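> how would this look folded up:
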Amino acid sequence: MFSVIAVNDSLKALMQIIRVKPDLILLDIEMPSLDGYELCSLLRKHSYFQHTPVIMVTGRTGLIDRAKAKMVRATGYLTKPFTQVDLLKVIFHHIESL
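Below is the predicted model:
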């Protein structure tokens, strides 16, 4: 049903995203080189990814972090820890709207 590609380095993730063009992106805020906010901002500047759902995944629960996610036009915000059911709800919600 899903094909998942996991990358733990933001620069490698950017190259992989551009190459694969996924239907949905789960993006951790805490990454080396570029953080999730910077990577999301870069993706939104690329015409192909302006409407691709980008869900920020993080342990940060503060309002400032949520506001930063909105500023870079993240589609959603999922805080850790979360269950498989929580994750699937978010994924299906955003995939159904494509």
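> so where do the strands sit in this protein?
With strands called from DSSP state E, the chain shows them at 25-28, 54-58, 76-79.
> Starting from the first one, tell me which strands it pairs with and how they run.
As defined by DSSP bridges, the strand partners of strand 25-28 come to strand 54-58 (parallel).
> residue ranges with poor pLDDT in this structure?
Low-confidence segments of the chain, defined by pLDDT under 70: 1, 97-98.
> Tell me where the longest helix sits in it.
With secondary structure taken from DSSP state H, the chain has its longest helix at helix 84-96.
> how about that one: buried residues?
90-91, 94 (16 or more other C-beta atoms under 10 Å). Placement of C-beta: from N, CA and C, glycine included.
> Also stretch 69-89?
So, applying 16+ other C-beta under 10 Å, buried residues of stretch 69-89: 69, 72, 74-77.
> try stretch 4-11
Neighbour-count burial for stretch 4-11 [16+ other C-beta under 10 Å]: Ser10.
> can you offset everything so residue one is 29?
That works, and once the first residue is 29, the last one we named lands at stretch 32-39.
> what's the span of that stretch, first residue to last?
End-to-end distance for stretch 32-39: 18 Å, by C-alpha to C-alpha, to the nearest Å.
> Can you tell me which of the buried residues of stretch 97-117 lies closest to Cys68?
The closest of the buried residues of stretch 97-117 to Cys68 turns out to be Val100 (C-beta to C-beta; 4.3 Å).
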